[in-house]
Each structure stands twice: as C-alpha cells, then as structure tokens.
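Asks: Mind looking at a prediction? Sequence and model below.
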Amino acid sequence: MVSKKVEDALFRPLSPEKRGQDPIQRPSLSAWKETVINVLKNKMAILGLTLLLLTIFFAIAGPTMVPFTPSEQNLVATNLAPSAEHWFGTDDLGRDVWSRTWYGARVSLTIGLVAAAIDVILGVTIGGISGYMAGRGKLGDRIDSFLMRIVEILYGIPYLLVVILLMVIMEPGVVSIIIALSVTGWVGMARIIRGQVLQLKSQEYVLAAQKLGTSHPKIIWRHLIPNTAGIIIVNLTFTIPQAIFAESFLSFLGLGVQAPFASWGTMANDSLGVILSGQWWRLFFPGFMISLTMFAFNAFGDGLQDALDPRANK
Amino acid sequence: MYIVKRLLTMLVTIWVIASLTFLIMKIIPGDPFASDADVLPEEVLENVRAKYNLDEPIPVQYLMYMRDLATFDLGISIQSETRDVNGIIADGAPASALLGTQALVIALVFGLLLGIIAALNHNKFLDYLSMFIAIIGISIPSFILAPLLIKYFAVDWGLLPVASWGTWEHSILPSFALAATPLAVIARFMRSSMLEVMNQNYIKTADAKGLPVTKLVISHGIRNAILPVVSFIGPLFVFLITGTFVIEKIFAIPGIGRYFVDSIFNRDYPVIMGTTIFFSSILVVTLFLIDLSYRFIDPRIKLTSGGE
C-alpha cells in the first residue's frame, strides 16, 4: 500500500482576492451542444437541412395532393405542359408528372437512407474490428490483414460496375438495388473507421484506460465510438446522396426501378427523346429534384463537417 | 521489393475479379440463345452451345476461360459471332480513350484553376463564385447535364453536333458533360488543401523573405497542396469509366462503355466479362501508378507495403 504521503495540511484554499483572476470566458458546453450550435450558425447547413425537410414533406404528402396516381395512364391527356390541373404537366402516356416526381422522391430517399444505413453498420463494424485488432498479437493481426485484403480487392473494382453486374443477376426492384449498393458500399466507410480507430488507439487516454484495466467493450463504447461519431455522421451525409445518385444512374440505364413505377432516373431516361421537341418539363422536374437533393445533402454535410471540426472553431 | 509485391497483389486482384465475374455470369438467369430456341432445331442449338463451351461442366468452362485469359484472349461475342471480344474492345477503345482523356484534362486543369483561384481569394467574391460553380457541378449528375448541353449548345444555338462520333467537334459536349462532376470535386479538394498550405509557417517565412507572389504560390503553395488531389485521381478514373456508360449512350458514341451496357441487355457473357476485366485492369494499373507518383511529388513519402 502506498501511504498517504501528501498531507491535507499542505493545501490551503485559494485566498479570496486571487479568485476570479482567470474567469472562464465562454459558458461551458457539452460537445454535442456545441455541435448543434455550430450547425445552426452555418447558413449552408441550414439551407441544406431545410431543403431536405421540404423534399421529405413532399415525398410523403405530394402524391396525395393531386387526384392522379403515379402510374395511372390517360391517353387523351398526353404531353401536356404544366397547368392548373397537372402542376408539372404529363408525360407521353398521360401520367401526371407531379405525382410521379414525388413518388420518385419516395423511392430515391428510401433507397438512399436504407443503403447508407447498411453501409454504416457494415463499415463501422468491419473497420472497427480491423482497426482494434491490428497489433493485438498474431491472431489480431491476421484478422486485420484478412479483412483489409477483402477491402482492398473490393476497392479495386469500380463500385458501379459491381452494382451493375449484381443488378443483372437479381430481379430489378428496390430491394435488389439496396442489396447491390450495400455489397460494396461499406468499403469506403470501413477504411475511414479503421484509420480512425488505429489513430485513437494510441492516444494517451485510451492507453491510460487500458493500463487501468478497463474492458475492451467499455473502451470501444466509451472512448472509440464517441470519438468517431462525428466522422461517421459526416460520412453518412455523403453516402446517402451517393446511393441516390447510383439508383438514378441504374434506373437511367434501365437496370433500376422498372415500369410502371417511377424513379427520378427512369423519368430522366424516358424524357431523353422528347427534350429536343420542347417538352422541357419531363426532364426538368426529375432532373431538378435529383440535383436539389444532392445539393441539399452535400451542403448539410459540409456544414456538419465544419461544425464538428475542432480546428474550425474561432 | 515493394514493386514486386505490388505487382503480385495486382495480379491477384485481377484474378479475383475475373473469377467473381465468371461466377456471376454463371448465376445469371436466362440463356443467351433463348430467342433462337424457337427458330433453330435442337441439334443446331447444341452445336452453337458447344462452340462457346457452354456444354462443358462449369469448372471446365472456368479453367478454359482462365487459360485463354492468360494469353489475353477474351473469347468470342455471342451476339455477333464473327467478332471476338478483343476486337470489340479495340474498336471501342479509341473513342472511349479520347473521351476519357479529354474529360480528365478538362477536370484537372479547370478544377485546379478554380480551386487555386478560390483559395487565393479566400472569403472574397471569386471564392464564393468558384465554390458556387463547384457545388452546382457536384449536384447535377452527368446524365441530366448531358441532355441540357445538347438542348442548348446543339439544338437551340446550333454550335456543336447533337450526337454521334466522327470529328473532334463531336467530342466536345460529351467531354464536358463527363468532366463536370470530377472538375467540381477537384476544385473543392484543391481549395481546402491550398488554404491549409498557405497558412503554414514556411509560406509565411518565404513571404517575409520577399519571395515574389507567383513563385510563392507555384513552387511552395501548389507543389504542397496538390498531393491530396493526386490521391483523388484513382476515384476520378473510376468515375470517368462508369460515366462513359451513360455519356456514350446519350451521345451515341461507339465506345467500350456502350458495348458494355449493350452486352448486359443482350446477355452477351464473353463481352460482359471481357469489358469488366478490362476496366478493372485499367483501374488497378492506375492505382499502382498513382502510388508510385507520390514519391516524385513528395520525397518525404517512402514506399512501404505495410499499413500506416
């Protein structure tokens, strides 16, 4: 036992006149509170978030605002320009473009969110295990290098090429797209998380926790996950638009969502032939919505990144 | 030593890709000769299948394919029996290579310029303008931008040909449509990298010693700031390759990307596999060259085979 060498008598309370010499300049804030405040201060992030909420609102409510269903054909009302009845016009089969656009928003957002969620779960698990196991004996190194070999090979194949090949084997549809996107989508996240965990592992506070005998799950839960959360969230805001882009890319090629269902990509593809004849609304609305959604996610992600970056604080 | 190890890894990667593609092709439902089944007698169909080795058990087919692959023979197309896959790739390569190279140059030159201008005018009008252009470029997918370019530049204003391939004028619109997104990404990369570098102490020292601004920016700023951009060239290549699938379709360009997409709809196994292996090999070689190039750009980096 170490005896209590330092006696309380050696310590005296600070004299009253010395108190308050170093006043704390700013109110004390938790990390999350500070992040929220920084995000709210960032104009681009707020713009992105507002646009996203609007898109989600219209994706839910949009198709119900008009008396047309997205796949309902009306052959006497084909190729109509936007009007009071058909707000975004109609296509060559007389389908209402407003209703199809917002139905497409549902498809795109669902695919984007679900695929990105799967990517994060797989990427964080695999990257986390790999990074945590590296340098932990022979077995740990083997697990790490095995996982990283898989990542390396998958990283060497063009993402959309794999997705296209997988779409060829599976029945086209929303579930197949999500599966195809998830098969290789997690690789980027896994690499980032592994690098992050490797770096965090050698930080003094983690070493201290280890020396004090803290268990592995507790170290992962208390130290590693909270410190990578920012990067995960920022990455998520870039993974979602990537998945949305991939879906519309596939649908544009004819490998994605199939008729009669609508998606922004299929609508853009259908309108290719008619844009030259002046029916601008058929390309404009789905194209504008893809671009707006991509913009909104990117703007929000950028703002979030700035807000979470400690170096960016003035 | 490092280079030998990397070359071996590259070969393994290409082998894995070829095997996976082979496996996927065998799982695909549907027979490439399904549409002929009603017209042709059974004996003829059997002969045709035998010609493509489809009558052999799958492991034998795999070994035969790997044997051919080792001699760079990618087989014969099923759709047009007179053509081999090597020939199809050779036919499509010039158009795709021209398109890809032009897009690469456009993206790099304009992207770097935009990023440097933005960084040197930090928080001023030119910075906001450049970043506005960049965010638009990132938001609009190439398959939306391409029809818009056709509508305005080709149809309404009649400046450039609408589609097809032939003269150099035909390649301008598709190259820009393909380059727009990577250009924007490079601009943003370069801006943030340049901003960080220009705040370093050695820049301040050089500035204080009276180095002319152009020399300061070019030999101290850009040289150090360009490294993160080099690491983006790998993903850029992937982006350009997959981008050609839609761009060549929209502009009716006879390139490899269009053959690839057509072959998927025709269930033309040898062409699908051949083009996939071709694209992957290009990418693997590019990634290798990029790793090697780090050494010349930044002498501080040593090539090692290990992790961090």
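Replies: Okay, I see it.

Asks: When you work out contacts or count neighbours from here on, use the C-alpha atoms and nothing else.
Replies: Will do.

Asks: Just the residues contacting stretch A:282-289, thanks.
Replies: A:88-91, A:97, A:101, A:105, A:264-265, A:267-268, A:271-272, A:275, B:140, B:144 (Cα atoms under 8 Å, 6 or more residues apart in numbering or on different chains).

Asks: Which residue ranges of chain B form helices?
Replies: With helices called from DSSP state H, chain B shows them at B:2-27, B:42-51, B:58-70, B:85-120, B:125-139, B:142-149, B:169-198, B:201-208, B:213-215, B:223-225, B:227-230, B:233-250, B:256-265, B:269-297.

Asks: Now tabulate those helices in TSV and tack on mean neighbour count and distance to A:Phe57.
Replies: Converted to TSV, the helices of chain B look like this (neighbours: other Cα atoms under 10 Å in any protein chain shown; distance: least, Cα to Cα, whole Å):
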stretch	mean neighbour count	distance to A:Phe57
helix B:2-27	16	40
helix B:42-51	13	54
helix B:58-70	14	51
helix B:85-120	20	35
helix B:125-139	18	21
helix B:142-149	22	24
helix B:169-198	23	28
helix B:201-208	13	49
helix B:213-215	11	51
helix B:223-225	18	42
helix B:227-230	16	38
helix B:233-250	21	31
helix B:256-265	21	36
helix B:269-297	19	41
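
Asks: nearest to A:Val174, of those?
Replies: helix B:256-265 (19.1 Å; Cα to Cα).

Asks: is the closest one up against chain A anywhere?
Replies: Yes - applying Cα under 8 Å from any Cα of the partner chain, one finds helix B:256-265 touching chain A at B:261, B:264.

Asks: got the angle for that helix vs helix B:233-250?
Replies: 70 degrees (axes from the mean of the first three to the mean of the last three Cα atoms, to 10 degrees).

Asks: which helices and strands does helix B:256-265 pack with?
Replies: With contacts taken as 3 or more Cα pairs under 8 Å, 6 or more residues apart in numbering or on different chains; DSSP states H and E, helix B:256-265 sits against helix B:85-120, helix B:233-250, helix B:269-297.

Asks: I'd like these as TSV, with distance to B:Gln61 and mean pLDDT appended.
Replies: Listed next are the helices and strands packed on helix B:256-265 as TSV, based on distance: least, Cα to Cα, whole Å; pLDDT from 0 to 100:
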stretch	distance to B:Gln61	mean pLDDT
helix B:85-120	17	87
helix B:233-250	29	82
helix B:269-297	12	81
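
Asks: now the ones you listed as JSON lines including distance to B:Thr205?
Replies: Output for the helices and strands packed on helix B:256-265, formatted as JSON lines (distance: least, Cα to Cα, whole Å):
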{"stretch": "helix B:85-120", "distance to B:Thr205": "17"}
{"stretch": "helix B:233-250", "distance to B:Thr205": "31"}
{"stretch": "helix B:269-297", "distance to B:Thr205": "22"}
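
Asks: Just the terminal-to-terminal distance for stretch A:86-97.
Replies: End-to-end distance of stretch A:86-97 (Cα to Cα, to the nearest Å): 8 Å.

Asks: Now for A:Trp272: which residues touch it?
Replies: For the record, residue A:272 is Leu, not Trp. A:283, B:147.

Asks: Next one, pLDDT for A:Ile290 please.
Replies: Looking at A:Ile290, its pLDDT reads 87.

Asks: That one: what's its closest spatial neighbour, skipping adjacent residues?
Replies: A:Trp264 (6.8 Å; Cα to Cα, 6 or more residues apart in numbering or on different chains).

Asks: correct me, but the one you found touches A:Ala105?
Replies: Yes - counting by Cα atoms under 8 Å, A:Trp264 does reach A:Ala105; the two are 7.2 Å apart.

Asks: Distance check, the nearest residue to B:Val213 once chain neighbours are set aside against B:His220.
Replies: With sequence-adjacent residues excluded and distances taken as Cα to Cα, 6+ apart, B:Val213 is closest to B:Asp207, at 7.6 Å. Between B:Asp207 and B:His220 the distance is 10 Å, computed by Cα to Cα.

Asks: for B:Arg49, same thing?
Replies: For B:Arg49 relative to B:His220 (Cα to Cα), the value is 63 Å.

Asks: Output the set of residues of the stretch 51-200 of chain B in proximity to chain A.
Replies: B:135-136, B:138-141, B:143-144, B:147, B:151, B:155.
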